[in-house]
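> Fold the following, please.
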Amino acid sequence: MHTLKPALALLTLISATASAQYHKYDVWEENFTVSGLLGAVQYEDLKFAPPDADSGETERVDVSLLPQVGGAWTTLPRGDRFQYGLECSFLLGFRFDKINYLVAGGSGLYVSLSTSMWTFDLAGGGYASLFLDQGRKVRIYAGSGPLMLYANYRTETDDGTTTDDDSESVFGLGWYARTGFEFRVHEKGMLGLGARANWAHADFSEVGGSSEISGIALFVSYTAGF
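Purely as a prediction, here's the structure:
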């Protein structure tokens, strides 16, 4: 009996040590995670005609590439290494440009054009993730669902004598899908890379744009558990 006690104590110590090496992603205290997102989105042909442009003018203002910041929140995970649940995310995109272009007709008059583009989308849906190792240090994930998009395009033109301001705001509904991978950098934090595709019906045709917005975003993510 006396010889069994040291053996049992050793087994208990080994078991406790092994358990400490495995940190379950779904036992983080409040059972949800928050992610910070930083990246950029490349929209498909997000271009606008300059204000007061003639019908035959080919000059276009290209704001297809926008930096983005945002966040995501996931909750209700189910499962062990393979997990699924619900998520909600938002992304804010912005861009400022200033260009000069020649007025059609060959008058030699250049117009200074300042533009700003803002986009904000709020999305939510389901997600699934899979830890690739027993230590739960590397995971891949994917999520998809509907989104709401608000976008504002503003212009200011100056031809040397007069200054004109104009803006167009749109609201649209659409869909998103995202995927990525993360690796654990400490007990309750993961760092990774991700991609997000989105589409929304947003009619910018009144300012020489398209009737929908679609693009792909790439971002760095940091996820913390609470």
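> which residues sit in contact with residue 125?
Residues near residue 125 by Cβ atoms under 8 Å, 6 or more residues apart in numbering: 86, 87, 143, 144, 145, 146, 176. Bear in mind the C-beta positions are built from the backbone N, C-alpha and C, glycine included.
> One more: residue 171?
With Cβ under 8 Å, 6+ apart, residue 171 has these contacts: 148, 149, 150, 202.
> swap in residue 142?
By Cβ under 8 Å, 6+ apart, residue 142 lies in contact with 127, 128, 129, 177, 178, 179.
> coming back round to it: now for the contacts of residue 125, which pair is the farthest apart?
Within the contacts of residue 125, two members stand farthest from each other by Cβ to Cβ: 86 and 176, at 14.1 Å.
> Show me which of the two is the more surrounded one.
Legend: neighbour count by other Cβ atoms under 10 Å for residue 86 and residue 176, higher for residue 176 (22 against 16).
> so the more buried one makes contact with residue 196?
Yes - counting by Cβ atoms under 8 Å, residue 196 is a contact partner of residue 176 at 6.2 Å.
> thinking again about what came up before, among the contacts of residue 142, which one is most surrounded by other residues?
Compared across the contacts of residue 142, residue 178 has the highest neighbour count, 25 neighbours, by other Cβ under 10 Å.
> Apart from its chain neighbours, what residue comes closest to it?
Spatial nearest neighbour of residue 178, chain neighbours left out: residue 196 (3.9 Å); criterion: Cβ to Cβ, 6 or more residues apart in numbering.
> likewise residue 170?
residue 202 (4.4 Å).
> Helix, strand, or coil at the one you found?
coil (DSSP: H, G, I helix; E, B strand; the rest coil).
> Run through the protein and note the low-pLDDT ranges.
Where the chain drops to pLDDT under 70, the residues are 1-31, 50-60, 76, 100-111, 159-160, 205-210.
> Residue 48 is in contact with residue 153, isn't it?
Yes - look at residue 48 against residue 153 with Cβ under 8 Å: they come within range, at 6.3 Å.
> What ranges does the chain have for its strands?
Counting by DSSP state E, the chain has these strands, from start to end: 32-43, 47-48, 61-62, 65-79, 82-102, 110-131, 138-158, 163-186, 189-200, 213-225.
> so what strands line up beside the fourth one?
I take that to be strand 65-79. strand 32-43 (antiparallel), strand 82-102 (antiparallel) (DSSP bridges).
> Tabulate these in JSON lines, adding columns for distance to residue 62.
Listed next are the strands paired with strand 65-79 as JSON lines, based on distance: least, Cβ to Cβ, whole Å:
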{"stretch": "strand 32-43", "distance to residue 62": "10"}
{"stretch": "strand 82-102", "distance to residue 62": "9"}
